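1. build the 3D model from these lines:
(chains A and B)
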Amino acid sequence: DQQVKQNSPSLSVQEGRISILNCDYTNSMFDYFLWYKKYPAEGPTFLISISSIKDKNEDGRFTVFLNKSAKHLSLHIVPSQPGDSAVYFCAASASFQKLVFGTGTRLLVSP
Amino acid sequence: EAQVTQNPRYLITVTGKKLTVTCSQNMNHEYMSWYRQDPGLGLRQIYYSMNVEVTDKGDVPEGYKVSRKEKRNFPLILESPSPNQTSLYFCASSFSSRGRSPLHFGNGTRLTVT
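-> Predicted structure coming up:
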């Protein structure tokens, strides 16, 4: 049972445009969400997070939006840069419990 | 430099030959965990440890063992590896076990079992 789903395995975007990565979850008890970025031959690194008491969190070019009623979150990257090309994992936790990861979306930003 | 170090980076072995993947962190983190990454399945937790001598099963623990004798080290042991354990493995640590503390990951160990 995949509680955190990233339905798009891959996404291609041109440099300078917006990248939108989506994540859906099924467990209504999830109250904290994180995005991790992974380059080839490296481990995932933490990117940005959001608590369920918010609907938006911004950090530079990265913004995460949370729609609790739809059980959906998205990561917006504006403007996209070639260095953003990586695999992005969303993850969720419920009441301070362990993280559950999605399957990942591979983003390719072309010059 | 704060980091999680895994060794080896690459490992090819044969079915049944015991192996250990080491993991060490220098951040004095209480929480450590092992994940495996497989295509289409994302990151799945194998085992975790909330502190020294405290370990517990994750989502896919079968065929694996761990130990936590020191705070900094959390080795993953495959006593009798099988081909279905061919995967990319990541060790991770965080300040606490609570989901709000971001995980710091090692660079991974790619294991092939023939």
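
2. can you get me a residue count around the closest residue to chain B within chain A?
-> Using C-beta to the nearest C-beta, the closest approach of chain A to chain B is made by residue A:93 at 2.4 Å. Glycine gets a C-beta too; all of them are placed from N, C-alpha and C. The local packing of residue A:93 (other C-beta atoms under 10 Å in any protein chain shown) involves 21 other residues.

3. select the longest strand from chain B.
-> strand B:42-51 (DSSP state E).

4. does chain A have contacts with the helix or strand that it is followed by?
-> As assigned by DSSP states H and E, the chain's next helix or strand after strand B:42-51 is strand B:54-57. No - with C-beta under 8 Å from any C-beta of the partner chain as the criterion, chain A is not reached by strand B:54-57; the gap is at least 9.7 Å.

5. how about stretch B:105-114?
-> Yes - Stretch B:105-114 reaches chain A (C-beta under 8 Å from any C-beta) through B:105, B:106, B:107, B:108.

6. what's in contact with that stretch?
-> Contact with stretch B:105-114 is made by A:36, A:41-45, B:3-15, B:19, B:21, B:23, B:37, B:78, B:81-92, as judged by C-beta atoms under 8 Å, 6 or more residues apart in numbering or on different chains.

7. which strand residues bridge residue A:62?
-> Beta-bridge partners recorded for residue A:62 (DSSP bridges): residue A:59, residue A:77.

8. quick one on the thing from earlier: which among the contacts of stretch B:105-114 end up buried?
-> For those, a neighbour count by 16 or more other C-beta atoms under 10 Å in any protein chain shown gives the buried set as A:36, A:43-44, B:4, B:6, B:11, B:13, B:19, B:21, B:23, B:37, B:78, B:81, B:85-87, B:89-92.

9. still on that earlier bit, just the ones of the contacts of stretch B:105-114 in strands?
-> Counted as lying in strands by DSSP E, out of the contacts of stretch B:105-114, are A:36, A:45, B:4-7, B:10-13, B:19, B:21, B:23, B:37, B:78, B:87-92.

10. give the buried residues for stretch A:79-89.
-> Applying a neighbour-count criterion of 16+ other C-beta under 10 Å, one finds A:80, A:84, A:85, A:86, A:87, A:88, A:89 buried in stretch A:79-89.

11. could I get those residues as JSON lines with pLDDT?
-> Formatted as JSON lines, the buried residues of stretch A:79-89 follow (pLDDT from 0 to 100):
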{"residue": "A:80", "pLDDT": "98"}
{"residue": "A:84", "pLDDT": "98"}
{"residue": "A:85", "pLDDT": "98"}
{"residue": "A:86", "pLDDT": "97"}
{"residue": "A:87", "pLDDT": "97"}
{"residue": "A:88", "pLDDT": "98"}
{"residue": "A:89", "pLDDT": "97"}
